[in-house]
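[1] Sequence first, predicted coordinates after that:
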Amino acid sequence: MRVNQLHPWPTTVAEAEAIQDRLRLHVELTGPRAFTLVAGLDVHYVDDERLTAAVVVLDAATLSVVEQVTVPGKAEFPYVAGLFAFRELPALVAALERLTVTPDLLVCDGYGLAHPRGFGLACHLGVLTGLPALGVGKTPFVGAHTAPAPERGAWTPIVLAGATVGRALRTRDGVKPVYVSQGHRIDLETAAEQVLRLSPRFRLPEPIRRADHLARHPA
DNA sequence: GCGACAG
DNA sequence: ATCTTGTCGC
């Protein structure tokens, strides 16, 4: 698939934050409610410099693999919480560009709106590609929330500065929740619904599990 | 001011 | 992210 050209790459924290503040204005919080091709994205670090980006496209109805791609790369920015996307974005974009199919939805490993400046990795990837995107975090990051009930499907809002920016969502009975937030062109209800539907068996959505596995064991 | 801080 | 054992439960 085709991805818009990357903006000039930041060298400093201030430049990176300025890019987030500018691109944030392009985020759309509503979009399609159903999808046919869902992509999971993840990165595995070989060492402090080198990494492997993986994208796996699944049939949304059957969860079977339609296409998968890995791309070697390097971390393009130091790790700074809140600027995490700048490490992995170039490699993830390169992987997306190698896809012969265009997914309907990007399921990203990390946050979207639930971010200090409201522009996490899922928003960034969504805006660059123009595709609906959502973020799934494994640990709480920003905002306040209470623990959801222990049953699969239970959820509580994540609130930041008085606004709801995501949901703590239980995808398995008695297992730690995941943290869902909107990336681009999707509403929160749909994002949470998709994460639950894509996680029929394990805590993490199948697209992310597949991408994680592929990134660790490149083809 | 200090510590904590998505992956 | 990663370094890491055994243990419990499906």
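    Arrived safely, thanks for sending. Numbering: from 1, shown residues only, chains lettered A, B, ... in the order given.

[2] So what sits opposite the residue most central in space within chain A in the bridge?
    Nearest to the mean C-alpha position of chain A, counting by CA atoms, centre = their mean, stands A:C108 at 1.7 Å. Beta-bridge pairing of A:C108 under DSSP bridges involves A:L41, A:G135.

[3] Please name the residues that touch it.
    A:41, A:121-122, A:125, A:133-136, A:183 (CB atoms under 8 Å, 6 or more residues apart in numbering). To be clear about C-beta, it is placed using only N, CA and C from the backbone, and glycine gets the same treatment.

[4] Select the longest helix from chain A.
    With secondary structure taken from DSSP state H, chain A has its longest helix at helix A:85-97.

[5] CA atoms only: put it into CSV for me.
    Output of helix A:85-97 as CSV, limited to C-alpha atoms (Å, rounded to 0.1, in the frame of the first residue of the first chain):
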residue,chain,number,x,y,z
ALA,A,85,6.3,6.6,18.1
PHE,A,86,9.4,8.3,16.6
ARG,A,87,11.5,5.2,17.3
GLU,A,88,9.4,2.7,15.4
LEU,A,89,7.5,4.8,12.8
PRO,A,90,9.9,4.6,9.9
ALA,A,91,10.3,0.8,10.0
LEU,A,92,6.5,0.3,10.4
VAL,A,93,5.8,2.6,7.5
ALA,A,94,8.3,0.7,5.4
ALA,A,95,6.6,-2.5,6.3
LEU,A,96,3.2,-1.1,5.4
GLU,A,97,4.5,0.0,2.0
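
[6] Packing partners of that helix?
    For helix A:85-97, the packing partners by 3 or more CB pairs under 8 Å, 6 or more residues apart in numbering; DSSP states H and E come out as strand A:37-45, strand A:50-59, strand A:65-74, helix A:121-129.

[7] Would you mind saying which of the ones you listed lies nearest DNA strand C?
    Each of the helices and strands packed on helix A:85-97 was scored for nearness to DNA strand C using CB to the nearest atom of the strand, and the closest is strand A:37-45 (4.8 Å).

[8] got the buried residues for the closest one?
    Residues of strand A:37-45 classed as buried: A:37-44 (neighbour count, 16 or more other CB atoms under 10 Å).

[9] same check, this time on stretch A:189-196
    A:190-196.

[10] Please list the residues of chain A that sit near DNA strand C.
    Contacts of chain A with DNA strand C, taken as CB under 7 Å from any atom of the strand, map to A:44-45, A:138, A:216.

[11] Determine the three-state secondary structure at A:V80.
    Secondary structure for A:V80, judged by DSSP: H, G, I helix; E, B strand; the rest coil, is coil.
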